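Visitor: coords please:
(chains A and B)
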Protein chains: 2
Amino acid sequence: MTKTSVTIKEIARLLDISKSTVSRALRDSSEISEETKKKVIDLAESLHYSPNPIALSLLKQRTHTIGVIVPDIANRFYSSTIGGVEDIAYSRGYHTMIYQSHELLDREMSATRHIAQRRVDGLVVAIASQSENMDHFVQLQEQGIPVVLFDRVLDGLETHKVRVDDYKGAFEATEHLISRGCRRIAHIAGPQPVSITRNRLEGYRDALQKHGMEFQEEWVLHSPITQEGGTERTYQLMALRNRPDAILGASDRITMGIHWALRQLGYKMPDDVAVIGFCDLSLASLMDPPISAITQPSFEMGQQATSLLLDLIESKNPPAHYETRVLQSNLVIQKSSLKASE
Amino acid sequence: MTKTSVTIKEIARLLDISKSTVSRALRDSSEISEETKKKVIDLAESLHYSPNPIALSLLKQRTHTIGVIVPDIANRFYSSTIGGVEDIAYSRGYHTMIYQSHELLDREMSATRHIAQRRVDGLVVAIASQSENMDHFVQLQEQGIPVVLFDRVLDGLETHKVRVDDYKGAFEATEHLISRGCRRIAHIAGPQPVSITRNRLEGYRDALQKHGMEFQEEWVLHSPITQEGGTERTYQLMALRNRPDAILGASDRITMGIHWALRQLGYKMPDDVAVIGFCDLSLASLMDPPISAITQPSFEMGQQATSLLLDLIESKNPPAHYETRVLQSNLVIQKSSLKASE
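Guide: Numbering: from 1, shown residues only, chains lettered A, B, ... in the order given. A predicted model of the protein is given here:
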């Protein structure tokens, strides 16, 4: 043990307060009352205590490691955000440990416990679609490990958040379909409890309303974020007596499933059915016909969440307020939605 | 500190050997000489030392955490192997920390150092294509942290290895193309230093030879494992005066690039050019036309590598010998290679 940390221990013992309170008082942290700070500083002066920055850093026991939890690393959106996380972490001297929750609350909690045990400095997380429960993240925060949410955010946790303007992305995509003459626009949405599902659904709905088009319950189906989900829901939509002439897909995999199902069923895109989806551009462009995509700045999202996290880790005091950054998506029109407009 | 570990410490001090030697001697490890074992056991008996299995486990400081390093988590082959790793790890009570090397030796070494610092119980790794150097893994082994290699294996490291029969996969795919009447078969291979690149190239070459077909240097191009690499090499192949009538792709991304480039250039698959590749089936089946694929048991590979690793972690003694498991690939013929045979 270093000389300095022993002294902090002595100060703590003499004042009957915790070492961490002493250390925060000496760092002039706003978390400590002025009264306590005065007591600590007076005693430290009388004991000729001189703070040693290296020892302070040892005391804080930084590991220069952050954790990142995503639902599914094979999803290109998440693997790209992880690229952004690693980019910032690496450039600022941090290691990144990656976990996947497989959309299961259990696995997310288990990863969070593991992160707490291993004394990671902080966590960025895109929550599992099942998670309404934020207690495990609150516990982490209470242990002094900051958490930043990205992509899927919930109001239940007070922290920095980085998300995409899902509402606007869905609104613009729906308007684009309307402008190409589509009149029966369906939406295969993501899992119901997720915030982005609600935002996208609302954007879709409001665009229909703005253009005086009817919203039909039977044209909105929820699906897990899988290709099979997108395929099955497309079968269901195309089997309707009043079948849609356009489909908006809520994710990469769902949109791949829509494209695959329409081809299987013998429909031509965009003439029979126009397709647009929230989708990775390199994947969307591989398809025949290439799929129009609402692309998200996934790499940048990972970067921004990580910058905010490292600022929380490295700052002496909690931030004056937490911010929610909303990044803009981009509409990339390709052949799948380019119906000759009427 | 527990009573037992203090006693081990005392025995170590009295005999002037390390605590770990004492503990391994008491576990009857084959790594310790019979002479040392006798000295330790005699002294332990005279001091009325009684081994306590829980304390022994504490002494070994298991963290029930394993690391996995892959070149690229967004590559479906690797995300699927990680699924297999997590499956076994989770069922045996271990956490999994995921790292990606981005095919860079630097990043791989950094992840390995991190794993050593964080006292992970063991590591499964698919080495970065750049890595001829195995020293960082040897160091890990010397610290008592076992390492198991999968997918990309090198002779330089003595340990368990799990790989796919790349030679046979490439041989059979090439024979299939020959059986469909292809006579000018090209191969877009992976990066040169990787073992699987060599094995696949050899399988391709031997199949040509078996059927009395000429091997042409200009029809074999090496590419990074990216879609762009596959696209550019395909442009290069199709620009040749003597252009190929079939292409064998060495990976998912390379094969996607081949498919994309051929469509861009206006060729029909399989009539103008037949295509087959080492490829994830769900991705290959999405394409139009669907791509014939040499599929690899990636999930199973992750499972087997992890079982072998956990056995190493949990066994008292080093294994009598290290094994190399060779899993079989599967040929799934789809439209892209179904040229009407001549």
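Visitor: what is the mean pLDDT for the helix or strand where A:A89 lies?
Guide: If you go by DSSP states H and E, A:A89 is part of helix A:76-91. Averaging pLDDT along helix A:76-91 yields 94.
Visitor: what does stretch A:273-291 give?
Guide: On average, stretch A:273-291 scores 93.
Visitor: in chain A, which spans are helices?
Guide: A:3-15, A:19-26, A:34-46, A:53-60, A:76-91, A:105-117, A:135-142, A:166-179, A:195-210, A:227-238, A:252-265, A:281-286, A:298-314 (DSSP state H).
Visitor: what is the orientation angle of the last one with helix A:135-142?
Guide: Here helix A:298-314 points in a direction 40 degrees away from that of helix A:135-142 (axes from the mean of the first three to the mean of the last three CA atoms, to 10 degrees).
Visitor: is helix A:298-314 anywhere near chain B?
Guide: No. Helix A:298-314 is not in contact with chain B by CB under 8 Å from any CB of the partner chain; minimum separation 10.9 Å. Heads up, the C-betas are built off the backbone N, CA and C, glycines and all.
Visitor: mind checking how far that helix is from the chain centre?
Guide: Relative to its chain's centre, helix A:298-314 lies at 11 Å (CA atoms, centre = their mean, to the nearest Å).
Visitor: Give me the contact list for that helix.
Guide: Helix A:298-314 is contacted by residues A:62, A:66, A:68, A:76-78, A:80-89, A:92, A:94, A:121-124, A:146-151, A:160, A:162-164, A:280, A:318-319, A:323, A:325, A:327 when judged by CB atoms under 8 Å, 6 or more residues apart in numbering or on different chains.
Visitor: near chain B, from those?
Guide: Near chain B, judged by CB under 8 Å from any CB, the entries from the contacts of helix A:298-314 are A:76, A:80, A:82, A:86.
Visitor: pretty sure A:I188 contacts A:R253?
Guide: No. Using CB atoms under 8 Å, A:I188 is not in contact with A:R253; the gap is 10.6 Å.
Visitor: Mind listing the shared neighbours of the two?
Guide: The contact sets of A:I188 and A:R253 overlap at A:229-230 (CB under 8 Å, 6+ apart).
Visitor: which ones are touching the residue of the stretch 101-250 of chain A found nearest chain B?
Guide: Using CB to the nearest CB, the closest approach of the stretch 101-250 of chain A to chain B is made by A:H114 at 4.6 Å. A:H114 makes contact with A:99, B:65, B:95 under the criterion CB under 8 Å, 6+ apart.
Visitor: If we use 6 Å, what do you get?
Guide: Counting by CB atoms under 6 Å, 6 or more residues apart in numbering or on different chains, A:H114 touches B:H95.
Visitor: Read off the pLDDT value for it.
Guide: pLDDT, A:H114: 88.
Visitor: Check A:S50 too.
Guide: For A:S50, the pLDDT comes out at 54.
Visitor: swap in the one 4 residues further on?
Guide: pLDDT recorded at A:I54 is 37.
Visitor: ok, now A:K19?
Guide: For A:K19, the pLDDT comes out at 81.
Visitor: Give me the distance between the closest residue in space to it that isn't next to it in sequence and B:Y267.
Guide: Counting by CB to CB, 6 or more residues apart in numbering or on different chains, A:K19 lies nearest to A:A12, which is 4.6 Å off, once chain neighbours are set aside. If you measure A:A12 against B:Y267 using CB to CB, to the nearest Å, the figure is 75 Å.
Visitor: Kindly report the same for A:I32.
Guide: Applying CB to CB, the value for A:I32 to B:Y267 is 71 Å.
Visitor: Neighbour count: those two, which is higher?
Guide: Shown here are A:I32 and B:Y267; by other CB atoms under 10 Å in any protein chain shown, A:I32 has more neighbours (20 against 16).
Visitor: Might you enumerate the residues of the stretch 51-200 of chain A proximal to chain B?
Guide: Within the stretch 51-200 of chain A, the positions lying close to chain B (CB under 6 Å from any CB of the partner chain) are A:73-74, A:79, A:95, A:97-98, A:114.
Visitor: In strands, which of the residues you listed appear?
Guide: Judged by DSSP state E, those include A:95, A:97-98 as members of strands.
Visitor: Contacts only, for A:Q143.
Guide: A:A116.
Visitor: Read off the pLDDT value for it.
Guide: Looking at A:Q143, the pLDDT reads 86.
Visitor: go on, A:S307?
Guide: We have a pLDDT of 97 for A:S307.
Visitor: got it, and A:H321?
Guide: 91.
Visitor: what's around it, how many residues?
Guide: 7.
Visitor: How about A:H222?
Guide: By the measure other CB under 10 Å, the count of residues near A:H222 is 17.
Visitor: these two touch, right, it and A:A189?
Guide: Yes. If you go by CB atoms under 6 Å, A:H222 and A:A189 touch, sitting 5.1 Å apart.
Visitor: follow-up on the earlier one: switch the ones in strands among the residues of the stretch 51-200 of chain A next to chain B over to TSV; also include distance to A:A128, pLDDT and neighbour count.
Guide: Shown next, in TSV, are these (distance: CB to CB, whole Å; pLDDT from 0 to 100; neighbours: other CB atoms under 10 Å in any protein chain shown):
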residue	distance to A:A128	pLDDT	neighbour count
A:H95	23	92	23
A:M97	17	93	28
A:I98	15	94	23
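Visitor: picking up where we left off before, is it true that the residue nearest to A:K19 touches A:V22?
Guide: Yes. Using CB under 6 Å, A:A12 makes contact with A:V22 at a distance of 4.8 Å.
Visitor: These two - which one has more neighbours?
Guide: In this view A:A12 and A:V22 are compared by other CB under 10 Å, and A:V22 has more residues nearby, 28 against 17.
Visitor: Low-confidence stretches in chain A?
Guide: A:1-7, A:27-28, A:45-61, A:341-342 (pLDDT under 70).
Visitor: how many neighbours does the residue nearest to A:I88 when sequence neighbours are not counted have?
Guide: The shortest distance from A:I88 to any non-neighbouring residue, by CB to CB, 6+ apart, is to A:T306 (4.0 Å). Residues contacting A:T306 under the criterion other CB under 10 Å number 29.
Visitor: Can you give me the distance of A:T306 to chain B?
Guide: Going from A:T306 to chain B by CB to the nearest CB, to the nearest Å gives 15 Å.
Visitor: Same check on A:D42?
Guide: Distance check for A:D42 against chain B: by CB to the nearest CB, it reads 36 Å.
Visitor: got it, and A:L310?
Guide: Counting by CB to the nearest CB, the gap from A:L310 to chain B is 17 Å.
Visitor: and that residue, how many neighbours?
Guide: A:L310 is flanked by 22 other residues according to other CB under 10 Å.
Visitor: What residues does the stretch 201-342 of chain A have near chain B?
Guide: Residues of the stretch 201-342 of chain A lying close to chain B (CB under 6 Å from any CB) are A:256, A:260, A:286, A:288.
Visitor: closest to chain B among those residues?
Guide: Nearest to chain B among those: A:D288, at 4.2 Å, using CB to the nearest CB.
Visitor: For the closest one, give its distance to A:V194.
Guide: A:D288 is 30 Å from A:V194, where distance means CB to CB.
Visitor: A:M238 now?
Guide: Going from A:M238 to A:V194 by CB to CB gives 25 Å.
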